[in-house]
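Colleague: When you get a sec, could you give me coordinates for this:
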Amino acid sequence: MVRTPVGKARKRRRPSGRRSPVRRRDPEVYVPEPNPDAPAARPRRTGDWEQWLDLPARTAEQVPEPSVAPERRRVPAADEDDRAGGYDDNVAPPPAIINRSGIHPGVPLRHPTRQRSRQSNGNRILAVLIVLGVGIAVVSILYTAINGLGGDDKPAAASSTVRAPGAVTTAATSTAPPAQASAIATQGCEQRRTPDIVSGTDPGGTATGPDAILAFEYAYYVERSGYRARAVVADNAIVSPADQIQRGINQTPVGTRYCVLVTRAKDGDDGLAHWEVKLTEQYPGEQPRTFTQLITTRTLASRTLITAIASG
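Modeller: Below is the predicted model of the structure:
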């Protein structure tokens, strides 16, 4: 079966020219018909209002109460927005701060927390600085006291060194005039030096045997050092070590005076020089006492050292 094509609907053409105005009809007003069964309307009163107002007569002039304008309530902007755009009932209000102290009914003030940790750290640092200052002061006092005690012996050493050249220049004579008593020499101690006899409180040295003996006694009584005394003693000598010498020095009172008299003894076949030493010792406030020592020395490479000390 062959279908014939359906033609397109023809478009309606608008009439040319201006359209005539359309007149609107007035709306019809419905007027209800009167109902005969309805009760008659209440007659309207005429005259002044006092005539138809059923109120008691005014006995006195009544003063009208002033009219009070209703209080206006300010609505926050947020509420106006909620009213305009809708209010979400599901949103919970922010929690209020509850005062449980019972002192102030209002909202309590929030005070900033005190920084106790910084204050405690500052106090600790201050305490450490104070302790360090006290320690430095104590060390300074001790150092000053030690130097003050050691300084008392230095003038005596200087005086003895000054007298030594005078003793050397008078070596040509048999005896030298007696020296005045110093802070380290006993009363009547002679500063004398001859080939066979040497006496006094000279600091000594290592040039000869008497010089080594004088240096040993000077380190013992004036310098009060066991190590300085052991420095003029040979390593293999029959002499106590430095620490034992120091213990003996510590038992000797400070300010002890002394005098050394060295005399050459008969030399033996061992190649050593033998010396007889008379040592006079006087403690402060006591009488002097004298005892004898036998000391041997050896000279090697122009250096003389003590090899033995024994009681005589």
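Colleague: Any figure for the gap between Gly285 and Pro253?
Modeller: 9 Å (C-beta to C-beta, to the nearest Å). Glycine gets a C-beta too; all of them are placed from N, C-alpha and C.
Colleague: the more surrounded of these two?
Modeller: Legend: neighbour count by other C-beta atoms under 10 Å for Gly285 and Pro253, higher for Pro253 (10 against 7).
Colleague: which residues of the stretch 101-250 of the chain fall in helices?
Modeller: 116-151, 153-169, 209-218, 226-230, 242-251 (DSSP state H, counting those that start in this stretch).
Colleague: Show me which helix or strand of the chain is least confident by mean pLDDT.
Modeller: helix 153-169 (a mean of 37; mean pLDDT, DSSP states H and E).
Colleague: hang on, Gln282 packs against Pro253?
Modeller: No - with contact defined as C-beta atoms under 8 Å, Gln282 does not reach Pro253; the gap is 10.2 Å.
Colleague: three-state assignment of the nearest residue in space to Gly271 that is not next to it in sequence?
Modeller: Spatially, and ignoring its direct neighbours in sequence, Gly271 is nearest to Arg298 (7.5 Å; C-beta to C-beta, 6 or more residues apart in numbering). Secondary structure, DSSP: H, G, I helix; E, B strand; the rest coil: Arg298 is strand.
Colleague: so who does Arg298 touch?
Modeller: Residues in contact with Arg298 (C-beta atoms under 8 Å, 6 or more residues apart in numbering) are Ala234, Gly271, Leu272, Ala273, Thr304, Leu305, Thr307.
Colleague: between those residues, which is closest to Ile213?
Modeller: Nearest to Ile213 among the contacts of Arg298, counting by C-beta to C-beta, is Thr304 at 9.6 Å.
Colleague: Just the pLDDT at that closest one, thanks.
Modeller: For Thr304, the pLDDT comes out at 94.
Colleague: Look up how far Val222 lies from it.
Modeller: 20 Å.
Colleague: Tell me which of these two has more neighbours.
Modeller: Neighbours were counted for Thr304 and for Val222 using other C-beta under 10 Å; Thr304 has more, 23 against 20.
Colleague: Surely that one and Ala212 touch.
Modeller: Yes - between Thr304 and Ala212 there is a contact at 5.0 Å, judged by C-beta under 8 Å.
Colleague: Find residues that contact each of the two.
Modeller: What both Thr304 and Ala212 touch, as defined by C-beta under 8 Å, 6+ apart, is the set Thr206, Thr297.
Colleague: How about stretch 291-307, which residues are buried there?
Modeller: Gln293, Ile295, Thr296, Thr297, Arg298, Thr299, Thr304, Leu305, Ile306, Thr307 (16 or more other C-beta atoms under 10 Å).
Colleague: Look up which residues are beta-bridged to the fifth one.
Modeller: Right, Arg298. Following DSSP bridges, Arg298 is listed with bridge partners Leu305.
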